[in-house]
Each structure stands twice: as structure tokens, then as C-alpha cells.
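Novice: Need coordinates for the following:
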Amino acid sequence: MYSFNSLRVMNADTGASRTLPLPAPAGGASDRAMVRMGDSLLLNRGDTAWLYRADLLGAPMDLGPSLRIIPGPSNHEVWLWWDPCAVAPAHAPGCSSAESDYGQGQVRLVDFSGRQIGRPIALPLGAAPGGKSCAGWFPTGDVIDGGIVLSNAYGPPNEEVWDPTSNRVILVLPDANVLTSAGQLIAWVTNGPCLPSCTVHLTNVPTGITGNLKLPAGAVAIDEAAFSPDGTTLAIPVGLGGAWPARHPTALVLIDLGTRKVSLLSGSEQTPSPNFGSFNATWSSSGWLFYTAYGSTRVFAWHPGAKRAVVLSGITLPRLPPPGAQGQQLPSLIAL
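Specialist: Predicted coordinates for the structure are as follows:
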């Protein structure tokens, strides 16, 4: 499924597609972001979480206010991040000027009937500019068994794993940028320049043990990575050949999590024009990997065991407009 000016459902085998209208006007954070949970799809649109059932037929269910949808403890529950001060002026009820500047809100657990489970939980406090104490953490959307990955909004570029049920920080990752997480593993890179030799770190959260894996020479991780559904492979979008995006090509690096073998996926190299500096890789429940570079109109596919990636000949994505004054509102691609 592709989300931009509408929702477009595409059949990777036949190229057939159908279009669904977006359920609300544009919103703020995570607008058009999609999350697959079991056989359901969730869309963040208009600062609201929308639930689509497996057949994608009928109107979606409104699960309530949301700036980001985060997978919950089961396939029928999600955490919804909400910060009223991010979408309302400082004089809005219950939103002080300090909260408007520094507050990061709360998460609440909701099931697929729209029922809220328990009370909303405020995000942890952090250090704000000027030494003020505030809720300086916000959820990235990544989860670990029992924990949500948070990023520091104001201080050094740290990330941490936080258990909202116990309100306890499980792991702190200083100077880190988390690429993805699954089960008990978290994949991350150190912030800042790394060329010509870049490294991806794999941390087992319960044990705290970290393994370091070198990317191919000249490759730098550029966007969110993705673990395969069976947990055997990590796909990492990379930029090749220097400071990125510029005019450098993109590609996918695959890491075999059993052997720790790192390889550049043959056939995945592309040079989108224009190059918007972002990339999308997503696994289907059947084990296919789909990906595209923003600025490209092509969707690539690969299945474990295949020697190279292939272009889906029946699918063409729309060309994106250039970034505006507020930056590019990027689309989202997700496999079902």
C-alpha cells in the first residue's frame, strides 16, 4: 500500500491497483504514516489513528487523537502518542506556555474496538534548554518487547528504551540514531559523519550485549531499516559514495543475522532524480521485501534466496513535488 494524496492498494503480482480516499484532512507529526498489526492496517491522518480491517473494505474506525501510532503488547492493541500542546496554541485549555514549548505529552493504550486500556501515561521528563525540567522525550515508533524507543527532543542526540507500564527506562543509547527494532533486538548507528567506514550496532536489550557490523565501504545508513518477519534478515537502506543525498545512488544492504554476513543487494542500486534524501523498505507477511527511494517512481522487490532485486514492472509511483518551505511531506510504503 502507498500513501500520499490518497491510499493506493497495489497487487505486486498483477500490477492491479485501487485507490481509497484519505479519511481526514492533513495533520501534523506522522501524517500518512502506516503501521501493520496482524491482519489489520493503521493509518495516522489528521492527528487521528484510523483502523482498517484486513480486506481494506468499508470505512476505517476512528481510534482517537494520535500524533504517532506505536505497536502495542498484542496484535490488537496500539499505543497512541498524543501531545495537545503540539497541535494547539499555548493558550489552549490545559496547555501552559512552558508545556507548549517543551511538553511531549503522553501515550495511551487502545484496543481495536477503540477502548482505552488504563490511564494515559506521561512521557519521561528530560532536560530542556536553559536547564528547565520538561518532558523532553518523544516516541520514535519503534518498540522492543515491553518497551518503546524514545528520542531526546532537546538535549544531546540520545535515545532510550522506556517501559510505559512500569514507567522505567530499560536501556539508554547515548549519541544514537535507532534504525529499527524487533523482538529483543535494536539496530542503531552513532550520530554524525562515519565515512569512509560506517558501522551498524545490534543490541540485545535484555542482556545489553552489542555487536558491531561494518557496512560495505562508502555506504552510510540513511533511513529506517527493517527486520524480516522471521527475524533472520535485517535490510538497511544506504547511500553510496559520499555525502548523501546529493547525487549519489541508493541501495539496500542485507545482514544475515545468523551468520552476521553483510552484503550489498545486487540490483538494488538506483539514483532517484530528484533525490529527496529518504528511503522506504518494508517486508510483507509472506517474506517479500519491497522498497523505493523517494524521488523514484519504481518499486523494487526481493525474496530471500533470490540472487538480486527486481523492479515490479506493473507498478509506477507518482512523481513527487519538490520540497516546500516546510520541507517535503514524504509518502509511506507498507507491505501487507
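Novice: Need phi/psi at the closest residue in space to Gly239 that isn't next to it in sequence.
Specialist: Among residues not flanking Gly239 along the chain, Ile222 sits closest, at 4.7 Å (CB to CB, 6 or more residues apart in numbering). For every residue, glycine as well, the C-beta is placed using N, CA and C. Ile222 adopts backbone torsions of phi -120, psi -10, taken as degrees, to the nearest 10.
Novice: How many neighbouring residues does Ile222 have?
Specialist: 21 (other CB atoms under 10 Å).
Novice: Equivalent analysis for Pro73, please.
Specialist: 14.
Novice: separation between it and Cys198?
Specialist: 34 Å (CB to CB, to the nearest Å).
Novice: which helices and strands does the helix or strand hosting Val143 pack with?
Specialist: Element membership for Val143 (DSSP states H and E) is strand 137-144. Applying 3 or more CB pairs under 8 Å, 6 or more residues apart in numbering; DSSP states H and E, we find strand 137-144 packed against strand 68-71, strand 77-82, strand 147-152, strand 159-163, strand 176-182, strand 185-190.
Novice: got a list of contacts for the fifth one?
Specialist: Right, the one you point to is strand 176-182. Applying CB atoms under 8 Å, 6 or more residues apart in numbering, the external contacts of strand 176-182 come out as 140, 142-144, 149, 151, 157-159, 186-191, 200-201, 221, 223-227, 231, 234, 236.
Novice: Just the CA coordinates for the strand holding Val143, please, in CSV.
Specialist: Provided in CSV are the C-alpha atoms of strand 137-144 (Å, rounded to 0.1, in the frame of the first residue of the first chain):
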residue,chain,number,x,y,z
TRP,A,137,11.4,12.7,25.1
PHE,A,138,9.1,11.6,22.3
PRO,A,139,8.3,8.1,20.8
THR,A,140,10.0,7.2,17.5
GLY,A,141,7.5,4.5,16.7
ASP,A,142,10.0,1.6,17.3
VAL,A,143,9.3,-0.9,20.0
ILE,A,144,11.1,-3.6,21.9
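Novice: Please compute how far that strand lies from its chain's middle.
Specialist: How far strand 137-144 lies from its chain's middle: 9 Å, per CA atoms, centre = their mean, to the nearest Å.
Novice: partners of it in the sheet?
Specialist: Here strand 137-144 has these sheet partners by DSSP bridges: strand 147-152 (antiparallel).
Novice: residue ranges for the helices of the protein, please.
Specialist: For the chain, the helices defined by DSSP state H occupy 84-87, 97-102.
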